[in-house]
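> sequence plus the predicted model coming up.
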Amino acid sequence: MEADEDRYRPMELGTVQRADPATPGPAAADDGDSGDGQPTQWPRWVALGAALLAGAAVGIVANNARNDAAEYGQVDLVRGTVLVETAPPLATGPQTMTVNLINTGPREIEILGVRIDGFVPAEDADPGADGDAEDDPEDEPIIAAPGLWVAARTTVHADCDRRPPGTVEVRVRTGSGEQTVVVEGQPGDDQLIWAWQYGCDSSPESGVFIGDTRTVSADSSGARIVLPVSNGTGQAIQILELEATTPGFTMTTDTMPVDVAAGELVDVLTTWTVTDCADAARFTDATVAVNVGSGDMESRITQPLGNPTLIELVRLAVRVCET
């Protein structure tokens with residue numbers, strides 16, 4: 001029967017020795033024996049550990065490479081206003097749109113072209129001038145540094161089978177290659193809607209257009225805002241009346257009616273005041289009704305105004321209703 005001290009004798013792994021084929025000794029013993037009856041195991045464990053470490057290192061490198069590729073391919077763009085220039089006649093002429101974009105991501109990207117949902121590139125656009133950057137190889141990419149606004153231009157016709165949702169497809173190049181991202185519009189942003197309406201509406205009054213407004217002065221008594229009214233109908237018209245259709249506000253003008261020759265633009269000075277603070281606190285869009293006279297015909301259309309007017313009216317409501 002074994003003594004207790006033999007039963008609990010610790011396992012000996014042996015001594016790791018350098019094997020020398022020319023020198024007989026324990027390292028050259030048969031069947032991996034160390035010479036004292038104990039097998040030599042350390043070289044096997046060392047090899048196995050080295051293999052595991054190498055595999056782990058490869059996995060870490062591969063994972064870091066995937067993370068770097070995803071980070072370099074990240075695109076964060078925010079869309080601002082869209083400026084619209086329309087060639088006469090308004091209902092059929094091409095429209096040149098300038099899309100303002102800001103890169104809110106961490107790295108510089110290149111903007112290669114834009115496509116606006118609800119519009120198609122103009123086939124008769126002047127190549128190298130206002131053509132679609134995606135279709136015109138002469139257009140240089142736009143460098144968009146982080147935190148800076150850039151302007152991308154495209155010349156289009158309205159696609160009357162698809163009402164624009166306000167989104168813009170932007171083709172970009174990043175450190176990991178080219179891709180197309182969809183950029184959403186902003187609340188109260190109606191530039192694309194009225195540009196599309198005028199491109200698809202064939203009625204005579206559809207050529208009446210209110211462009212980018214500007215504020216002359218503003219205080220608690222009212223906001224004095226200039227509305228530039230253009231005539232793209234191809235014939236002379238009269239602006240018989242401008243009427244605010246924005247809840248909580250009223251608008252007056254100095255002179256009415258106003259004659260506008262074909263293809264011309266006139267500035268109309270308007271004064272806006274608050275009539276109902278409850279309604280003014282809830283409005284979401286700034287709009288104006290335009291009564292148009294042409295020959296013996298009269299018509300009325302509603303025009304959305306852009307973000308500058310919307311912001312100015314919000315400020316007016318705050319000055320009047322929260323003081």
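Sure thing, it's come through. Being a predicted model, the structure only gives us computed values, none of them experimental. Numbers count the residues shown, from 1 in each chain.
> count of neighbours near residue 105?
By other CB atoms under 10 Å, the residues close to residue 105 number 17. In this view, the C-beta of every residue, glycine as well, is placed from N, C-alpha and C.
> touching, it and residue 78? I think so.
No: when contacts are counted by CB atoms under 8 Å, residue 105 is not listed as touching residue 78 (10.1 Å).
> tell me where the protein has helices.
Using DSSP state H, the helices found in the chain span residues 4-7, 42-72, 191-200, 277-280, 307-321.
> who are the packing partners of the fourth one?
Spelled out, that is helix 277-280. helix 307-321 (3 or more CB pairs under 8 Å, 6 or more residues apart in numbering; DSSP states H and E).
> so for the helix it packs on, what gets flagged as buried?
307, 309, 310, 312, 313, 316, 317, 319, 320 (16 or more other CB atoms under 10 Å).
> which ones are touching the last one?
It refers to residue 320. 220, 274, 277, 280 (CB atoms under 8 Å, 6 or more residues apart in numbering).
> and the residues you listed, which is closest to residue 143?
Relative to residue 143, the closest of those is residue 280; by CB to CB it sits at 42.2 Å.
> need the nearest residue in space to that closest one, chain neighbours excluded.
Among residues not flanking residue 280 along the chain, residue 248 sits closest, at 3.0 Å (CB to CB, 6 or more residues apart in numbering).
> separation between that neighbour and residue 119?
In this view, residue 248 and residue 119 are 33 Å apart by CB to CB, to the nearest Å.
> what about these two, which has more around it?
residue 119 (24 against 20).
> quick check, the more buried one in contact with residue 158.
Yes: counting by CB under 8 Å, residue 119 sits close enough to residue 158 to count as a contact (5.7 Å).
> before we move on, the earlier item: would you confirm that the residue nearest to residue 280 contacts residue 275?
Yes: counting by CB under 8 Å, residue 275 is a contact partner of residue 248 at 6.3 Å.
> quick one: contacts for residue 283?
Residue 283 neighbours (CB under 8 Å, 6+ apart): 246, 247, 248, 249, 313.
> got the phi/psi numbers for the nearest residue to it once chain neighbours are set aside?
Distances taken as CB to CB, 6+ apart place residue 247 nearest to residue 283, at 4.6 Å, with adjacent residues excluded. Per-residue torsions, residue 247: phi -60, psi 130 (degrees, to the nearest 10).
> just the pLDDT at residue 247, thanks.
For residue 247, the model assigns a pLDDT of 89.
> now flag whichever of the contacts of residue 283 is closest to residue 174.
residue 313 (39.4 Å).
> so the closest one touches residue 249, yeah?
Yes: here residue 313 reaches residue 249: they are 6.2 Å apart, a contact under CB under 8 Å.
> give the residues shared as contacts by the two.
What both residue 313 and residue 249 touch, as defined by CB under 8 Å, 6+ apart, is the set 272, 280, 283.
> so where's the protein uncertain?
Filtered on pLDDT under 70, the chain yields the residue ranges 1-73, 86-93, 123-139, 186-191, 194, 197-199, 201-207, 296.
> tell me the domain boundaries of it?
77-189, 203-321 (automatic domain parsing).
> next, format these as JSON lines and append distance to residue 196.
Below are the domains of the chain laid out as JSON lines (distance: least, CB to CB, whole Å):
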{"stretch": "domain 77-189", "distance to residue 196": "5"}
{"stretch": "domain 203-321", "distance to residue 196": "11"}
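> do you know which of the ones you listed lies nearest residue 195?
domain 77-189 (4.7 Å).
> check whether residue 294 really touches residue 234, as I assumed.
No: counting by CB under 8 Å, residue 294 sits too far from residue 234 to count as a contact (10.3 Å).
> quick check: buried residues in stretch 115-122?
Buried residues in stretch 115-122, defined by neighbour count with 16+ other CB under 10 Å: 115, 116, 117, 118, 119, 121, 122.
> which of these sits closest to residue 177?
Using CB to CB, the buried residues of stretch 115-122 come closest to residue 177 at residue 115, 18.8 Å.
> who's that closest one bridged to?
Counting by DSSP bridges, residue 115 is bridged to residue 169.
> state the distance from it to residue 154.
Counting by CB to CB - residue 115 and residue 154 are separated by 7 Å.
> with residue 277 instead?
From residue 277 to residue 154 the distance is 42 Å (CB to CB).
> of the two, give the one with the bigger neighbour count.
Between residue 277 and residue 154, counting by other CB under 10 Å, residue 154 is the more crowded of the two (26 against 13).
> so that one sits against residue 97, correct?
Yes: applying CB under 8 Å as the test, residue 154 and residue 97 come out as touching, 5.7 Å apart.
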